[in-house]
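>>> would you be able to build a 3D model of this:
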Amino acid sequence: MYQGCELMKLERFEQSLIRDNEERMIRLFPFIMGASLLMLTLSFLVDDLKEIKWINGFLFTYSLLAILAGFLISLEKELMRMQIFQHVTVLVFLSWGTLMLGFKPESVISYFDFVIVFVVCGVIIQMKWQYWVIYFVLDLCTLIFITPFVHRIDENITVTIISVIVFVAMIIYMNYLFYNQSLSNYRINCKLHEHRQELERKVSEKTEALLNSERFMTREIALLLTTVLEYYDEYTKGHSESVALISQMLAKALGFDLAQQKEIYWAGLIHDIGKIHIDKELLNKPAKLNAEEYEIIKRHTNHGYEMTKNSEALKEIATIIRYHHEKFDGTGYPDGIKGNDIPLASQIIAVADAWDVMRSDRTYRKALTLENARLELIKGSGTQFSPQLVVVFLDLECASTTS
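Numbers count the residues shown, from 1 in each chain. Below you'll find the predicted structure:
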């Protein structure tokens, strides 16, 4: 397993290195093109350099084409083409440097050429050392079969070959150093990335645990307030739990996922929490409320919204609480919105709330019979309640009573 991971890392490193090589080449080639143009110009002006004008002309042409090709290949972002382009570039520059050894190795221009070859092949384009075996063989072929300056080295071919070997060996060693440094840096970056991911994971887990703890505590406090409300308002005893269960059942029948069902359950459980802000005697008044008192009672939806909207654990429920007394025809409160403008979760709680109230005893009346409660729900369909929800709820209710 460990070796497999290492191989994957090496493969990713090679891909990354190809892209880095391409980027460095694109930056360097304008300079090389300018330098080769300068040497080409000198080749025409200086008699002693006329023999190598075709070499510098070739390098200038290749540099110009390489800039265009490198730019197009980098746009395509195709690694195979990038790698082939880099291999060709190394061979071109090695051959160029070797050909210059056939000219006057002691001349200033040859030194300048060698520096460019060292930079391009040893630093800019970093590759595995295995590739250099192929490069070395091809470079010797260049020396023996291509150079037009063989007549200059007939007397001391051994020295020239040794020079080429030393020349290539220095480039290989330089490339080896930079390649391994890049590999080392990549491994360090991988380790740092893994450590950062691990730290982020641990921080995320701790943060989530704290948030869950906060949500749990907040909802526990909300549940406690609901319990207090049940002692505060005698009409709500058991009512909140019934509304929550009916709402959850209706949400499940409508295809809500588990998270949404849980959210609607909590909304049903604390839908009347805003009544804590209303005078206890008014809440428990046995007689019919007058218009002014009814307006005060209606404020409990806004009170509930204000109590929950800033809580991280309850803010999703706040809107549901605010609109659970809106009516389908727009005659409800607090905002008088209608139809599908009312959140579906609020419409669900409205049906569940009304059903539990109708089926519960009040000081001013007895609980409605099952049949009368059904008729009242049908009567309110399209005015107080969503017709679709009424149908779904009655189907569920009928199924539960017959089972």
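
>>> CA atoms for contacts and neighbours, from now on please.
Will do.

>>> helices along the stretch 101-250 of the chain, start to end?
108-117, 130-141, 150-153, 157-232, 239-253 (DSSP state H, counting those that start in this stretch).

>>> closest to D356 out of those helices?
helix 239-253 (6.6 Å; Cα to Cα).

>>> how far is the closest one from where the chain is centred?
Taking Cα atoms, centre = their mean, to the nearest Å, one finds helix 239-253 lying 37 Å from the centre of the chain it belongs to.

>>> report all helices and strands that that helix contacts.
The contact analysis (3 or more Cα pairs under 8 Å, 6 or more residues apart in numbering; DSSP states H and E) places helix 239-253 against helix 258-269, helix 344-358, helix 387-402.

>>> if you set the cut-off to 10 Å instead, what comes out?
Applying 3 or more Cα pairs under 10 Å, 6 or more residues apart in numbering; DSSP states H and E, we find helix 239-253 packed against helix 157-232, helix 258-269, helix 344-358, helix 387-402.

>>> buried sites along the last one?
Using 16 or more other Cα atoms under 10 Å as the burial criterion, the residues of helix 387-402 that qualify are 387, 389-390, 393.

>>> go on, the third one?
By neighbour count, and taking 16+ other Cα under 10 Å as the criterion, the buried residues in helix 344-358 are 344-358.

>>> returning to what we had before: which of the helices of the stretch 101-250 of the chain sits most buried?
Of the helices of the stretch 101-250 of the chain, the one with the most neighbours on average (mean count of other Cα atoms under 10 Å) is helix 239-253, at a mean of 22.

>>> the inter-axis angle of it versus helix 157-232?
Angle of helix 239-253 versus helix 157-232, following axes from the mean of the first three to the mean of the last three Cα atoms, to 10 degrees, is 140 degrees.

>>> can I get helix 239-253 as PDB, trimmed to CA atoms?
Presented in PDB, the C-alpha positions along helix 239-253 are these (Å, rounded to 0.1, in the frame of the first residue of the first chain):
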ATOM      1  CA  HIS A 239     -50.900  20.400  22.400                       C
ATOM      2  CA  SER A 240     -47.400  21.200  21.200                       C
ATOM      3  CA  GLU A 241     -46.300  17.600  21.200                       C
ATOM      4  CA  SER A 242     -49.400  16.600  19.300                       C
ATOM      5  CA  VAL A 243     -49.000  19.300  16.600                       C
ATOM      6  CA  ALA A 244     -45.300  18.300  16.200                       C
ATOM      7  CA  LEU A 245     -46.200  14.600  15.700                       C
ATOM      8  CA  ILE A 246     -49.000  15.300  13.300                       C
ATOM      9  CA  SER A 247     -46.800  17.800  11.300                       C
ATOM     10  CA  GLN A 248     -44.000  15.200  11.100                       C
ATOM     11  CA  MET A 249     -46.400  12.500   9.900                       C
ATOM     12  CA  LEU A 250     -47.900  14.900   7.200                       C
ATOM     13  CA  ALA A 251     -44.400  15.900   6.100                       C
ATOM     14  CA  LYS A 252     -43.300  12.300   5.700                       C
ATOM     15  CA  ALA A 253     -46.500  11.600   3.600                       C
END
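
>>> and the angle for that helix with helix 387-402?
When the same axes, to 10 degrees is applied, the directions of helix 239-253 and helix 387-402 differ by 100 degrees.

>>> quick one: neighbours of E281, just the number.
For E281, the count of nearby residues is 10 (other Cα atoms under 10 Å).

>>> and if you look at the one 3 residues further on?
Using other Cα under 10 Å, N284 has 14 other residues around it.

>>> distance of it relative to E293?
12 Å (Cα to Cα, to the nearest Å).

>>> you'd agree D279 is up against L229?
No: under the criterion of Cα atoms under 10 Å, D279 makes no contact with L229, lying 11.5 Å away.

>>> lowest-confidence helix or strand of the chain?
Lowest by mean pLDDT, DSSP states H and E among the helices and strands of the chain is helix 150-153, with a mean of 48.

>>> let's see the pLDDT reported for Y62.
If you check Y62, the pLDDT there is 80.

>>> again with T226
pLDDT recorded at T226 is 70.

>>> again, but for P30
Looking at P30, its pLDDT reads 82.

>>> start the count at 53, not 1, going forward
Understood, numbering begins at 53; the last thing we discussed is P82.

>>> just checking, it touches G122?
No: taking contacts as Cα under 10 Å, P82 lies outside contact range of G122: 11.5 Å.

>>> who has more neighbours out of the two?
Here P82 and G122 are set side by side on neighbour count (other Cα under 10 Å), and the busier one is G122, at 20 against 15.

>>> what secondary structure does that one sit in?
helix (DSSP: H, G, I helix; E, B strand; the rest coil).

>>> what about the closest residue to it other than its chain neighbours, how many residues nearby?
Leaving aside its chain neighbours, G122 sits nearest to I78 (6.3 Å; criterion: Cα to Cα, 6 or more residues apart in numbering). Neighbours of I78 under the rule other Cα under 10 Å: 17.

>>> who's in contact with I78?
Applying Cα atoms under 10 Å, 6 or more residues apart in numbering to I78 gives the contacts 118-123, 126.

>>> next secondary structure after the host helix or strand of E345?
Under the criterion of DSSP states H and E, E345 resides in helix 343-350. Next in sequence after helix 343-350, counting helices and strands by DSSP H and E, comes helix 352-360.

>>> using PDB, write out every CA atom in the following helix or strand past that next one.
Downstream of helix 352-360, the next assigned helix or strand under DSSP H and E is helix 367-374. What follows is helix 367-374, C-alpha atoms only, in PDB (Å, rounded to 0.1, in the frame of the first residue of the first chain):
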ATOM      1  CA  LYS A 367     -33.300  30.200  12.600                       C
ATOM      2  CA  GLU A 368     -34.600  27.800  10.000                       C
ATOM      3  CA  ILE A 369     -37.700  27.300  12.100                       C
ATOM      4  CA  ALA A 370     -38.300  31.000  12.800                       C
ATOM      5  CA  THR A 371     -40.000  31.600   9.400                       C
ATOM      6  CA  ILE A 372     -42.200  28.500   9.900                       C
ATOM      7  CA  ILE A 373     -43.400  29.800  13.300                       C
ATOM      8  CA  ARG A 374     -44.000  33.300  11.900                       C
END
